[in-house]
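**Q** this is the structure alone, sequence omitted:
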């Protein structure tokens, strides 16, 4: 018969088991009661705790560095053919990380200055965005450049 321990709701064996010094076998290991009514957990052979694994840590002061891909700028050029609302709609459709406010700002900058930076990202994403803008009738280019 199991009763609840007054400490943290842990199960404890009945008093007959405590007096006899018996241990309880459970799915998670062997529980051996001590006189202070706490439990010592020992794991059966083949358990996870039998063969702990260690991982190699790099020496202190040595950092692992991953090479970042080069950053490319996606540029939107002004044209006299597409309406402003359409340009914003295409920007939102093609470039998933752009917000409505950013798309409107980008369209307005391209309209006023002739060119606007849409996004700076790795080359494969930049090529995909540029191609998507072109397939929807906008004039777009990419060029190398850091952020």
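**A** Okay, I see it. This one's a predicted model, so the numbers in the text were calculated from it and none came from an experiment.

**Q** shaky segments in this protein?
**A** 1-64, 146-147 (pLDDT under 70).

**Q** where along it do the strands fall?
**A** 2-4, 11-13, 24-26, 29-33, 39-42, 71-77, 115-122, 139-144 (DSSP state E).

**Q** what residues sit buried inside the last one?
**A** Within strand 139-144, the residues scored as buried using 16 or more other CB atoms under 10 Å are 140, 142. C-betas here are computed from N, CA, C, even on glycine.

**Q** just want the angle from that strand to strand 115-122.
**A** 50 degrees (axes from the mean of the first three to the mean of the last three CA atoms, to 10 degrees).

**Q** so which elements touch strand 139-144?
**A** Under the contact definition 3 or more CB pairs under 8 Å, 6 or more residues apart in numbering; DSSP states H and E, strand 139-144 sits against strand 71-77, helix 123-135.

**Q** got the contact list for that strand?
**A** 70-79, 118, 123, 126-127, 129-130, 133-134 (CB atoms under 8 Å, 6 or more residues apart in numbering).

**Q** need the contact list for residue 94.
**A** 129, 132, 133, 136.

**Q** tell me, how many residues neighbour the first one?
**A** Residue 129 sits with 24 neighbouring residues when counted by other CB atoms under 10 Å.

**Q** from here on, count from 734
**A** Got it, the first residue is 734 from now on, which makes the last one we talked about residue 862.

**Q** distance of it relative to residue 840?
**A** To residue 840, residue 862 is 15 Å away according to CB to CB, to the nearest Å.

**Q** just the second one next, same as before
**A** Counting by CB to CB, the separation of residue 865 from residue 840 is 16 Å.

**Q** of those two, which one has the most company?
**A** Neighbours were counted for residue 865 and for residue 840 using other CB under 10 Å; residue 840 has more, 25 against 17.

**Q** could you measure from the more buried one over to residue 846?
**A** Relative to residue 846, and taking CB to CB, residue 840 is found at 12 Å.

**Q** show me the beta-bridge partners of residue 806.
**A** Beta-bridge partners for residue 806, by DSSP bridges, are residue 853, residue 876.
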